[in-house]
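[1] Structure of the sequence below:
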Amino acid sequence: MAHKKWIIADADKEKASLLSEKLNIDPFIAFLLVSRGLDDELSAGDFISSRCNYTSPFTFTDMDKAVARINKALELGERICIYGDYDCDGVTSTALLYTFFESLGADVIYYIPNRLTEGYGMNTSAIDEICSKGVKLIVTVDNGISAINEAEYIYSLGMELVITDHHEVGSVIPRAEAVVNPHRDEDKIAFCEFAGVGVAFKLACAVYGGEIDDLLEMFADLVAIGTIGDVVPLKGENRGLVKYGLDLINNDSRIGIAALRQAAGCADDDLTSVDIAFKLCPRINASGRMDTPLHALELLISDDYEEARFKADLLNTNNVHRHEVESNIIEDIKNKIAENPKIINDRVIVIAQKDYHHGVIGIVASHIVCMYGKPAIILSIDENGEATGSARSVDGFNIFEAISSCSSILTHFGGHPLAAGLGLNADDIDAFRTQINSFAVEKYSVMPVECLKLDCKLSPFYLDTDLVDNLSLLEPFGAENLQPVFGLFNVTLKSAQPIGDGKHIRLEVEKKGKSIKAVMFRATVDTFPYKQGDNIDLAVRLSKNFYKGRYYLSVQVVDYRLNGIDDDKFFAEKSDYELFEAGYNCKTQLYPDRQLCAYVYKFLRNNGGWKYGTENLYFALGQSVTYGQLLYALSAFEQSGLIKNDGEILLNETQGKVDLENTPVLKYLKGRL
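    Take a look at the predicted model:
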């Protein structure tokens, strides 16, 4: 896991105190509300209220036209096809409208394209198949706003189209009877951050005559899952929809969701939005990633529990397979980086390999960003020499803009500032890597770094289940309302023990006599760089577990570090080193002289080598050498035979003195400096 810059939120304490009095809430919760920009009675009161003011669906542009065309289809008995998408948002959107139209007695079918063979959005082959089934009206959900040519093709076959979507609107709007999208320029709606399933829900409300209460009871669970899965902001109407939906989910109101909870091992848990994001959404997504999204859709519309259990088990199997494929690709990438460490010196990491699974390369790219703290693009090359990729970024680096700068060598691309997709000829990958990194250097004199935002520092003495109960006022958590993260600073490590067959760690730390136990998931004792007695900082999330009739505090470690380190110094030195490697001048000292090399080597010898990564070694040395000096010293050690470094530094047996100054890397440095 790459080192992150920790940023501690601040808040006006006087405003927080006033808010606490006016709303009669815990002062600490008021402080958190103010730190999140909810610093007046009206906005904070609306945020924590159990009520939600839902706007009329007819405030959407074209909603009246969409309703008129759908009502016509219902009156004439025309066949309607719901055209969806293969991700969690698209599947829940499809399930919602299909179930709703079916309840109205409509002649309705559905179509979801296959991610691996058809890709995202509408395509002519799918349209032909839909036409052959006697469909007269296609209603899209979570797609369609960019289907300019496909829309014309639909009309050429004698069918008509209603589009509901939530993606950004281009300069040209497709031909359709109605285009319902909250991001249209003509829209004057107060809240427009809906997921695709939220827009589909609004359409259902409009067809139902504008009433919402009955439809909330029928569909808020689907809206909640799709909204959480699409990572849209959990504020405004989204917050109200998710709150209502969570109640339905926890009361097993839908057979398919109850079966999925059973398969996921959380049937008896009171699920939060965070649980939905980590336990249910990935299983629905895995269906489209690894197999067919139809299994997920059939699960959500099932009214037979045995059938639903079978489908839920399929989704669970797909999710296990997805984990395996993902892990194999990540391991392969680690090996590539061990063989050629310069890959991660680039500002944008670009890695390509034949036949990486298209369904998981986006997730893998996210893992690489987390591991190395940089934008990452993972490309899969097929047997025809075509490369298809997924890109993920860090806040502040617009990956879509970066990819757009390389458009002349791409076959297709699209996306957003933090995530994008692209395609190119495999022969152009090296040119693409060079071009996008040149853009990064020219456009970003200093690269944005991955940050972890802490809500505040806390003393271990304040951690208890009452605090967790108070925090529940801020739920549901999600995009733009993240689960709070707290900093436990300068705690002393007492122990680090393996749990869960060695896949996780339980830490025990202490400060001023107060001991706290915390769990760190997906980490092993072998890779944890600290020992008993070290003073460390922990970033943690809090929850509570029910066990044997009572609730216990649960502390989860999000990140960790040695106490007292200087983030700004580290990131400045790392940036200078990488710029120097890219051929630019450097501001900080890079050459490791004899005394410095002796200091670093002595540390390695005293520790029997090092297996915790270069960044942790830099901090373990007390930031007493610059990041560049350390990396060039390690290169010199390796070239002289003192060490072997393939991610883990091993000491070699050597005879006699070693002349480091004559190693190629230090000669090269002297020549440049």
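[2] Packing partners of the one helix or strand Lys22 maps to?
    Secondary structure assignment for Lys22, by DSSP states H and E: helix 13-23. Counting by 3 or more CB pairs under 8 Å, 6 or more residues apart in numbering; DSSP states H and E, the packing neighbours recorded for helix 13-23 are helix 27-35, helix 41-48. (Each C-beta comes from the backbone N, C-alpha and C, glycine too.)
[3] Okay, buried residues for the first one please.
    By neighbour count on 16 or more other CB atoms under 10 Å, the buried set for helix 27-35 is Phe28, Ile29, Ala30, Phe31, Leu32, Leu33, Val34, Ser35.
[4] which strands and helices sit next to it?
    By 3+ CB pairs under 8 Å, 6+ apart, helix 27-35 packs against helix 13-23, helix 41-48, strand 456-457, helix 465-471.
[5] what about 7 Å?
    helix 13-23 (3 or more CB pairs under 7 Å, 6 or more residues apart in numbering; DSSP states H and E).
[6] I'd like the distance from the helix it packs on to the chain centre, please.
    33 Å (CA atoms, centre = their mean, to the nearest Å).
[7] Can you point out the buried residues in that helix?
    In helix 13-23, counting by 16+ other CB under 10 Å, buried: Lys15, Ala16, Leu18, Leu19, Ser20, Leu23.
[8] and if you look at stretch 625-634?
    Buried residues in stretch 625-634 (16+ other CB under 10 Å): Val625, Thr626, Tyr627, Gly628, Gln629, Leu630, Leu631, Tyr632, Ala633, Leu634.
[9] do stretch 95-109 as well
    Neighbour-count burial for stretch 95-109 [16+ other CB under 10 Å]: Ala95, Leu96, Leu97, Tyr98, Thr99, Phe100, Phe101, Ala106, Asp107, Val108, Ile109.
[10] before we move on, what about stretch 663-673?
    Thr663, Val665, Leu666, Leu669.
[11] Pull out the CA atoms of that stretch and give them to me as PDB.
    These are the backbone C-alpha positions of stretch 663-673, laid out as PDB (Å, rounded to 0.1, in the frame of the first residue of the first chain):
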ATOM      1  CA  THR A 663      29.000   0.900 -10.200                       C
ATOM      2  CA  PRO A 664      27.100   2.000 -13.400                       C
ATOM      3  CA  VAL A 665      24.400   3.800 -11.500                       C
ATOM      4  CA  LEU A 666      26.700   6.000  -9.500                       C
ATOM      5  CA  LYS A 667      28.900   6.700 -12.500                       C
ATOM      6  CA  TYR A 668      25.700   7.800 -14.400                       C
ATOM      7  CA  LEU A 669      24.800  10.000 -11.500                       C
ATOM      8  CA  LYS A 670      28.200  11.700 -11.500                       C
ATOM      9  CA  GLY A 671      27.900  12.300 -15.200                       C
ATOM     10  CA  ARG A 672      24.500  14.000 -14.900                       C
ATOM     11  CA  LEU A 673      25.100  15.900 -11.700                       C
END
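[12] and the helix or strand Asp576 falls within, what does it pack onto?
    Using DSSP H and E, Asp576 sits within helix 567-581. In this structure, helix 567-581 makes packing contacts with strand 5-8, helix 627-639, judged by 3+ CB pairs under 7 Å, 6+ apart.
[13] so can I have a markdown table of these showing distance to Leu507?
    A markdown table is the format used below for the helices and strands packed on helix 567-581 (distance: least, CB to CB, whole Å):
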| stretch | distance to Leu507 |
| --- | --- |
| strand 5-8 | 18 |
| helix 627-639 | 27 |
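[14] Any chance of a markdown table for the ones you listed, columns distance to Tyr208 and mean pLDDT?
    Output for these, formatted as a markdown table (distance: least, CB to CB, whole Å; pLDDT from 0 to 100):
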| stretch | distance to Tyr208 | mean pLDDT |
| --- | --- | --- |
| strand 5-8 | 45 | 96 |
| helix 627-639 | 61 | 96 |
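[15] closest one to Ala419 among the ones you listed?
    strand 5-8 (21.3 Å; CB to CB).
[16] Most widely separated two among the buried residues of stretch 625-634?
    Maximum distance among these (CB to CB): 12.8 Å, for Thr626 and Leu634.
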